[in-house]
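In: just need the structure, nothing else, for what follows:
(4 chains)
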There are 4 protein chains.
Amino acid sequence: MLPDIQLLRPQFPIELSRVGATGIRKLVQVTRDGKRPIILISTFDVFVDLPSHLKGVSLSRNFEVIDEVLENLTAEPIRNIEELAIKIAENMLERHEYATKAEVSMSSEFIRHKRAPVSHQRTQEIVKIFSDAMISRDGKKVVFVGSEVSGITVCPCAQELARTMAAERLLKSGFRHEDIQKILDIVPIASHNQRGKAMVRVQVTDDFRVSIAKLIEIAKSGMSEENFEILKREDELEVIERAHRKPMFVEDSVRKMAYEFLRAYPNAPDDLLIFLRQENEESIHQHNVVAERVAKIGDLRKELNSNH
Amino acid sequence: MLPDIQLLRPQFPIELSRVGATGIRKLVQVTRDGKRPIILISTFDVFVDLPSHLKGVSLSRNFEVIDEVLENLTAEPIRNIEELAIKIAENMLERHEYATKAEVSMSSEFIRHKRAPVSHQRTQEIVKIFSDAMISRDGKKVVFVGSEVSGITVCPCAQELARTMAAERLLKSGFRHEDIQKILDIVPIASHNQRGKAMVRVQVTDDFRVSIAKLIEIAKSGMSEENFEILKREDELEVIERAHRKPMFVEDSVRKMAYEFLRAYPNAPDDLLIFLRQENEESIHQHNVVAERVAKIGDLRKELNSNH
Amino acid sequence: MLPDIQLLRPQFPIELSRVGATGIRKLVQVTRDGKRPIILISTFDVFVDLPSHLKGVSLSRNFEVIDEVLENLTAEPIRNIEELAIKIAENMLERHEYATKAEVSMSSEFIRHKRAPVSHQRTQEIVKIFSDAMISRDGKKVVFVGSEVSGITVCPCAQELARTMAAERLLKSGFRHEDIQKILDIVPIASHNQRGKAMVRVQVTDDFRVSIAKLIEIAKSGMSEENFEILKREDELEVIERAHRKPMFVEDSVRKMAYEFLRAYPNAPDDLLIFLRQENEESIHQHNVVAERVAKIGDLRKELNSNH
Amino acid sequence: MLPDIQLLRPQFPIELSRVGATGIRKLVQVTRDGKRPIILISTFDVFVDLPSHLKGVSLSRNFEVIDEVLENLTAEPIRNIEELAIKIAENMLERHEYATKAEVSMSSEFIRHKRAPVSHQRTQEIVKIFSDAMISRDGKKVVFVGSEVSGITVCPCAQELARTMAAERLLKSGFRHEDIQKILDIVPIASHNQRGKAMVRVQVTDDFRVSIAKLIEIAKSGMSEENFEILKREDELEVIERAHRKPMFVEDSVRKMAYEFLRAYPNAPDDLLIFLRQENEESIHQHNVVAERVAKIGDLRKELNSNH
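Out: This next block holds a predicted model:
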C-alpha cells in the first residue's frame, strides 16, 4: 500500500489561494455541425484552493479531468469555447472535495483563413483566443472569454507633425492654400507605424454570451489596419493607404474597441467586467507603448453616452 | 509651431485606466555609504490614467522623469529600492497634470556574491528584485517590494514512495525493523527534484519597511536548498544531502515563506497585503506546478496562530 | 501599372546568402492511409539567395508557395515529413528564377498519445519534430530531419557521492560490508535530477530515409527516464526508480543517442551528417549544461567499433 | 575520499564536439583609463571537447575560470572586449588537460548614452555586443566580435507604390507634371515601417582589431534611422523625415553594412569571415523578414569593386 502524504497535516496551518499546474499543452478539436472542425493548440493553467489542514493537492486528478473532458468533446459537441473551461473547472471541483473553488485558464492559438484586401489571395492568420472559468462550491461562477490579434497602427501625432511641416514647405514653394489642402488630402503622409497587439476580454454569463468571431473583429477595429501573411503589390498599397487614413494612438485603439463592443452588444449587462488593452511595438523606440481599460460595462456605457 | 494633438478631444469620451510604456531598460547604480555601489539592470513599466476628454498622454515626459530621477541618484543616495519607484511615480504625477494616479513597476536583476557551502568557493548568483509604486493625486500611496529567487526543490511524495518501497525490499531481504529504520535515516533516499522559483511581494508603508536582503532570505527559505553556480564535489554532496533532508511541495514552500515572513516581521501591520508564490519546473512532467497565497498579513497571522 | 522596385539595381552590388522570412506559422494536416490525420502546428523559415544585380526578393511568392503546397496535402498524401520541406523548397526555386538555392526549415509541435508506465493511464505528450531542405539549382539537395524531446536526467556524479557517503555512514553504524552492498543495491540513492532536452538531427537522402517515430525513440534513449503529464502514485514511484537506476551525464546522453542511432540504422551511409545534443536544466545551478556531437555517420561508426 | 566518476571510461567510446554550460550570467566591469568604467550584463556559453575515453568533463572548473578572469579585470585593465573571451578560453584549455579546444561565447547588454537628434535631450540606449573565442591546443585561435542594434526601417516598395498612386491622383486633380515632382519631393510619403534588428559579426586577429563603437555605427548604418527612448515633438518629426528619406529593404541594409564595413576597414584581411544580418519585424505581416550575408571579406571587396 503506497503512502499518500498529501493527506497529512502541513507544518504551518496556512490556506493556499491557488495550487495547480501551468503550461499544460493540448490539441483541442472542436466539432461543429456541418462545418469542418476547429483545431486549437491550447495551453491550460488549472488551480484549486487548499484548506489550511491539508498538506497537498492531488495534482494528477487535474490532468485526468482535462483529458477526460477533451476526449469527450467529439462525443458531445460544445457550443462555445468557454464551455470547455467551465466543464473542466466543474469536474475539478468534483474531484477535489476539499477545495472551495476551481479555476481554469485556456489560451489557444486559432489559425483562420482570410483573404488579401484587393487580390483576394487566400491566406491564414493566427489569433489568440482565451477562456477563463472560476467556479466556487457555493455556486458562484465567473467566466471570461477574449481574443488577442496583431495588426498595424499608425501614429497620429507623427503624421500631424509631418503634415504641418509639409504644408509649410509647400507654402514656401509657392503653392496656394487651397492647393495645399488638396495635396495633403491626396498624398498619404508618412508617420511611424508598427506591429500592435489588441486584446479584449469580457465577462460572460449563462444569459449573456458573446461570439468569438465578433470579439476578434472588435479587437481588430482598434487597429489602423489588419496585417496579412500574403500581400501582392496592389494589396500592400491598399493596406498602407487604409492604415494612414486611420492613424490611431494606443489610447484611440482602446476607446474604439470599447465603442465597438457596446455597439455589437447593446444589451450587455451593466455589472459585467470588460478588459481592453492595446500594445504597440513602437518602431521609433526600444520600448512598447500600452493603453488599458478595466471597467464594468455599465460605466463604459455611461461615459460614452455622457455629454462630451 | 508644431501641433500637439494629444490635447485634442478623443472620438469616444472614454476614460483610460492606464496609458504608458513597458520594457524601459535602464542601468541603475545605487551608491551606498562605505560599500561598493549596487548595480542593477532594471526594467520599468510606467503608467498614468487619462480622463475621457483628452486624446492622448505625452509619453516622452515619462522617460524624462525616469532619466532625471536615475541621474540624480548619485547626487542623493537612496535608502531603499522602493524610494526609486516612489520618486518616479511622484514626478510623473507632477508632469501629467491631468492624471489622477501614476504607477511604476521596476523589476531588476541583482547580481550578488555568495560562497559554496563546504569549499567556501566564492561565486555570483542572480536574484530578481521588484519595487512597485502607485501614487494617487489624493495622497493615496500603495507600494510593494519583492524578490524572486531560484533554487532546488525535492518532492516529498516521491521520496516517501521510494522510502516505503525501500523498506519493503529491505524487510524481504532479511533486515530487521530497527536496522531498516537506521538505514532509511542514514541513506539519502531518491526523489524527483528540479529548479524552482520562489517569489515574495509585500506591501510597505512609510512606517513599515522591509529589507530586500531579508526578502531574498525568506524566498529561499521555502526551497529544499539553494542553487550555486560553482559546486566542488564536497559542495555538491552537501547540497544533495541537505535538499533531500528537506523535501518540499510547492504548498510547503509557500507556507514556509509565510511563516518566515511573520517571524522576521512580527510587527507587520495587519492590513497590508502579501503575495507568495512557488513554481516548480517538474523534472517528471512537461508542465510546471504552482502554489500561491494572496492575503492580508493579519489573516496569515491569524491562521498561523490558530489551534492547528 | 504599379512599379516593381525589387527589380532595380541595388546601390551596392553585393550578393546575399539568404533573403526570406522567419516565423511563418501554419496548421499542417497530414493525411495517412487508414489512420487519423496527424495535426502539426508548424513554424517555417524560408530563404533564397540573391545575386548582386537585383535589389530585392519578391517575398510574397514564398508565402504563396507554402500555402499552395499545404493546401494540396489533402489531395496527395505525403509519406514523410521531409517531403513537405523539399516540395516547398523546389517550388520556391521555380518561382525565384534568379536564385541559385532555396532553403526551408520547418519546426513542428507534434502532440502524441502515450500511457503511464504502471497504471497505463492514457495521456498526451508534446515533442518537436524538424525537417530542413536546401535545394540548389544545380541539383544538389541537402535534407535533414530531427526530433527534440524532454525527459528526466539523474546526475551520476552526485549519486556516486551520495552512495559513498552512505556506505561510510553504514559502516560506522556497524553494518557489515556485504550488507552495505545489498542495501545500496536495494535503496534508490538520491542525486540531483532535472528536465533535460534531447535533440537528434540527421541527414537523409532519396535512398536513406529514417522514421520520425524512431528518431523520437532515439532522442528519448539518452534520458534517465521519460516524463509524463499524468502519473499516479505507482507510476511516479516507477519513474523515480527507473531514472535513478540509469543516471546519465549530458555526455552519456549524447553517446547513448549515437549508439542507438547506429543500432537502428546499421546501413546509414558514412558520409551523411548527424547532430546530437543534450541540454540539462540543472536543478542545482542557475545555468544549463550541454553536450553536443556533430559528425559524419562514418566517423561515429568508426569510433564505436574502435578497440576501446 | 570522494569518487570522481568523470574520470571513468564511458559506456560508448564516442568523442564529443562540445561539453559545457550555457546561460552563465555575470556582471562585468571594464575599467578604462580616465573614463568611467563600462558595465556589462553578460551571458557566457563555454565549451570544451572531450575525447572518447573519458566519461565526463569537470564543469566546475569552467566557472572557476570565468570568475577568476572577471575578478582580475580590475587589476589589469583589458583593451578590447574580445580579450575577455580569449583569456577565459585560454584558461579553460589549461585546466581541461584532456581537451583539444575551448570555446567561449559572450553576449552582453551594453547601455550607452546618446542624444535626441534636435532637442539634444540626453537618453540611454541598449545595444548587444558579442565576443567569441575558439582556442585550439595546436595554437589555432578564431575570434569574432560583433554588435546588434535596433532601429527603424521604412519599406521602399510600399513607399514607391504610394508615390505612384499619389502622382496619378495629383495628375487627375489637375496638377502639372513639374508641380507633382516638386510635391513628391517635399511631402514625406507614407510607407510601412517597423522595428528592425541589425547584426554584424566579424573575425579579428592579433593584427586586425576592430572597435566595438565602430561596429555599432556600422550596424546602425543599414537602418532607415536610429530609434530613441526619448523624442520630443521636434525630434520625432526629424526621425520620421529622415527615415522616410532613406527607405531600406532588409537586402539594402545588409549591403549597406557591408559597404560601410569595407569603408571603415579598408585593410581588413581578405581571408577573415564576416557575418551580416538584418531582421525586420514587419508591421504589415505576422512574420519577420530577414537578409543575411556570410562571406570572406575578400569576396565582399571583390563584389563591391566589380563593374556593376
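In: flag every buried residue along the helix or strand of chain A with the lowest mean pLDDT.
Out: Here the helix or strand of chain A ranked lowest by mean pLDDT, DSSP states H and E is helix A:60-71, holding a mean of 81. Buried positions in helix A:60-71, judged by neighbour count with 16 or more other C-beta atoms under 10 Å in any protein chain shown: A:60, A:61, A:62, A:63, A:64, A:65, A:66, A:67, A:69, A:70. Heads up, the C-betas are built off the backbone N, CA and C, glycines and all.
In: could you do stretch A:158-178 as well?
Out: Buried-residue list, stretch A:158-178, by 16+ other C-beta under 10 Å: A:158-167, A:169-170, A:175.
In: narrow those residues to those in helices?
Out: A:158, A:159, A:160, A:161, A:162, A:163, A:164, A:165, A:166, A:167, A:169, A:170 (DSSP state H).
In: so who does the first one touch?
Out: Put plainly, it is residue A:158. Taking C-beta atoms under 8 Å, 6 or more residues apart in numbering or on different chains, we find residue A:158 in contact with A:190, A:191, A:192, A:284, D:236, D:237, D:240.
In: try it again with 6 Å
Out: Shown in contact with residue A:158 (C-beta atoms under 6 Å, 6 or more residues apart in numbering or on different chains): A:191, A:192, D:236, D:240.
In: the second one and residue A:283 touch, don't they?
Out: So that's residue A:192. Yes: counting by C-beta atoms under 6 Å, residue A:283 is a contact partner of residue A:192 at 4.9 Å.
In: look at the two and report which has more neighbours.
Out: residue A:283 (32 against 29; other C-beta atoms under 10 Å in any protein chain shown).
In: that's a strand at that one, yeah?
Out: No: going by DSSP: H, G, I helix; E, B strand; the rest coil, the assignment for residue A:283 is coil, not a strand.
In: ok, it to residue B:47 distance?
Out: Counting by C-beta to C-beta, to the nearest Å, the gap between residue A:283 and residue B:47 amounts to 21 Å.
In: close to chain C, is stretch A:4-15?
Out: No: Stretch A:4-15 stays clear of chain C (C-beta under 6 Å from any C-beta of the partner chain), getting no nearer than 7.1 Å.
In: so which bits of that stretch are buried?
Out: Per 16+ other C-beta under 10 Å, stretch A:4-15 contains these buried residues: A:5, A:6, A:10, A:12, A:13, A:14, A:15.
In: give the contact list for the first one.
Out: Spelled out, that is residue A:5. Going by C-beta under 6 Å, 6+ apart, the list of residues near residue A:5 reads B:156, B:157, B:160.
In: which neighbours do residue A:192 and residue A:283 share?
Out: residue D:193.
In: part of a strand, is residue A:112?
Out: Yes: read with three-state DSSP, residue A:112 is one of the residues of a strand.
In: can you tell me the helix or strand for the closest residue to it other than its chain neighbours?
Out: By the measure of C-beta to C-beta, 6 or more residues apart in numbering or on different chains, the closest residue to residue A:112 outside its immediate chain neighbours is residue A:125, 5.6 Å from it. Using DSSP states H and E, residue A:125 maps to strand A:122-136.
In: what's the first helix or strand after that strand?
Out: strand A:141-154.
In: centre of the chain to that next one, how far?
Out: Centre-to-centre, strand A:141-154 and its host chain are 1 Å apart (C-alpha atoms, centre = their mean, to the nearest Å).
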